[in-house]
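In: below are the sequence and a predicted model for it; my questions follow.
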Amino acid sequence: MNERLQDIQGFLREILVPRIERGDTVLDLTSGLGRDTLFLAQAVGPHGRVHAFDIQVAALAETRRLLEEEGVADRVVLHEADHARVREFVTEPVKAAMFNLGYLPGSDHSVTTQARSTVRALQGVLELLMEKGVLVLTVYRGHPGGEEEAGAVEKFLTALPRKIYSVLEGRYINQGNNTPYWILIQKKRGELG
Ligand SMILES: C[S@@+](CC[C@H](N)C(=O)[O-])C[C@H]1O[C@@H](n2cnc3c(N)ncnc32)[C@H](O)[C@@H]1O
């Protein structure tokens with residue numbers, strides 16, 4: 001068990017570990033410094049596939065560097081593209097997907113994920129998600145546009161049909177209103193019924 005529950009990404013990775021099998025295809029929609037991409041690449045093993053997206057060249061360069069350093073770059077496809085376009089690049093069913101919204105730490109804070117493209121990306125990923133597949137998000141509200149994005153994500157996800165999706169949310173309740181929180185979605189089954 002992750003000892004630091006203040007680390008949401010670490011917490012979410014532990015939720016994903018038992019749900020990802022070797023050989024799976026998975027997605028990182030916000031590769032950033034590549035830490036989640038690395039986790040996913042290790043989880044799917046040498047015969048799996050990770051598609052990782054970012055709109056910043058510097059983020060993808062850092063992700064590539066980390067993957068090469070760890071010897072897992074061979075199973076990762078890096079896309080310099082808006083994650084709203086995920087369906088253009090990924091056609092196979094996916095077992096798991098990660099979104100870590102907001103801006104890249106240590107870089108230009110004006111480049112952040114945006115409500116409209118995040119919701120489009122979510123739509124695309126849910127279409128690709130396999131039955132029993134899981135999608136996790138970390139949501140921030142502190143930066144400009146963060147509240148609007150969080151609201152749009154919430155609106156989209158609360159309207160998902162309960163027969164097909166389980167949608168859970170978790171947040172710190174002792175740390176003020178602007179702390180990040182997580183959302184976990186599982187596709188219970190692939191079709192309406
Ligand atoms: C919080 S950081 C991700 C951190 C990353 N998960 C890690 O482990 O280092 C958010 C990233 O989303 C990227 N981003 C912003 N808008 C995007 C979009 N429309 N499509 C893809 N990536 C985007 C930013 O460039 C930034 O690198």
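Out: Sure thing, it's come through.
In: S166 is in what secondary structure piece?
Out: strand 165-171 (DSSP states H and E).
In: same question for that strand, mean pLDDT?
Out: The average pLDDT within strand 165-171 is 97.
In: that strand packs against which elements?
Out: Counting contacts by 3 or more C-beta pairs under 8 Å, 6 or more residues apart in numbering; DSSP states H and E, strand 165-171 is packed against strand 181-187. Bear in mind the C-beta positions are built from the backbone N, C-alpha and C, glycine included.
In: can you say which helix or strand has the residue of the chain found nearest the ligand in it?
Out: Nearest residue of the chain to the ligand (C-beta to the nearest ligand atom) works out as G32 at 2.4 Å. Under DSSP H and E, no helix or strand contains G32.
In: for it, which residues are in contact?
Out: D54, A59, E62, T63, N100, L104, P105 (C-beta atoms under 8 Å, 6 or more residues apart in numbering).
In: pLDDT weak spots in this protein?
Out: Under the criterion pLDDT under 70, the flagged ranges of the chain are 1-4, 190-193.
In: cutoff 90 now
Out: Applying pLDDT under 90 to the chain flags residues 1-7, 105-110, 141-145, 175-179, 189-193.
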